[in-house]
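S.K.: turn this into a structure:
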Amino acid sequence: MDTETKGLGLWMAVIFLAGQMAGVGVLALPSAMVGTGPAGFFLLIYFTYNAIFVGQRLGLCWMMLEEKFPELKEGCRDPYMVIAEKAIGPVGRHIVSICVSFTLYGVCCVVIVLMGSFLQNIFEYIGVSSTKCIFMIIITACMAPLCWLGTPKDFWFVAVGAL
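M.R.: Residues are numbered from 1 along each chain as shown. Presented below is the predicted three-dimensional model:
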């Protein structure tokens, strides 16, 4: 068995997930709970269960594909699209690609607005007055170069810094 890791290792994946959960999830959770009231707790439990279930199903699908198509064990930059293509065909690949793109765009917009609001509050506290929009532009300019990197293993330092 080859011990050399070509992709993201287990511990780095754990750090990425923990950073993402602690970053966006924890910061947005209080506002979401206030906005939804008592039902928010049950929605949180429901969506957590759904995420666990879907994650397991996707993992099982990927394992089945690796068994059937050994070339996928070498690595894949678009696993969701590959799963859809093998299950449905090229149309499935395009549909999933569009869905992933819209999801990532939406999440990025929400995170940029959230970060802009936080920075505006922090800078107002220390006496610097500016608008949320200015901070959003600064955040976007700082984050854009990270988008040009290839895969998460190329910017591991961001995950470590997020914790």
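S.K.: and whichever helix in the chain runs longest, which residues are buried?
M.R.: In the chain, assigned by DSSP state H, the helix with the most residues is helix 90-125. Neighbour counts over helix 90-125 (16 or more other C-beta atoms under 10 Å) mark 93, 96, 111, 112, 114, 115, 116, 119, 120 as buried. Heads up, the C-betas are built off the backbone N, CA and C, glycines and all.
S.K.: name the residues of the helix or strand just after that helix that come out as buried.
M.R.: Downstream of helix 90-125, the next assigned helix or strand under DSSP states H and E is helix 132-147. Of the residues in helix 132-147, 132, 135, 136, 139 count as buried by neighbour count, 16+ other C-beta under 10 Å.
S.K.: a markdown table please, covering these and showing distance to residue 29.
M.R.: Below are the buried residues of helix 132-147 laid out as a markdown table (distance: C-beta to C-beta, whole Å):
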| residue | distance to residue 29 |
| --- | --- |
| 132 | 20 |
| 135 | 22 |
| 136 | 21 |
| 139 | 21 |
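S.K.: just the closest of those to residue 70, please.
M.R.: residue 139 (42.2 Å; C-beta to C-beta).
S.K.: report the contact partners of the closest one.
M.R.: 112, 115, 116, 119 (C-beta atoms under 8 Å, 6 or more residues apart in numbering).
S.K.: possible to save the residues you listed as CSV with pLDDT and distance to residue 43?
M.R.: Shown next, in CSV, are these (pLDDT from 0 to 100; distance: C-beta to C-beta, whole Å):
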residue, pLDDT, distance to residue 43
112, 90, 24
115, 87, 24
116, 92, 26
119, 91, 29
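S.K.: could you list the low-pLDDT ranges of this structure?
M.R.: For the chain, the stretches flagged by pLDDT under 70 are 1-27, 151-156, 158-163.
S.K.: since that was my last question, I'll sign off now.
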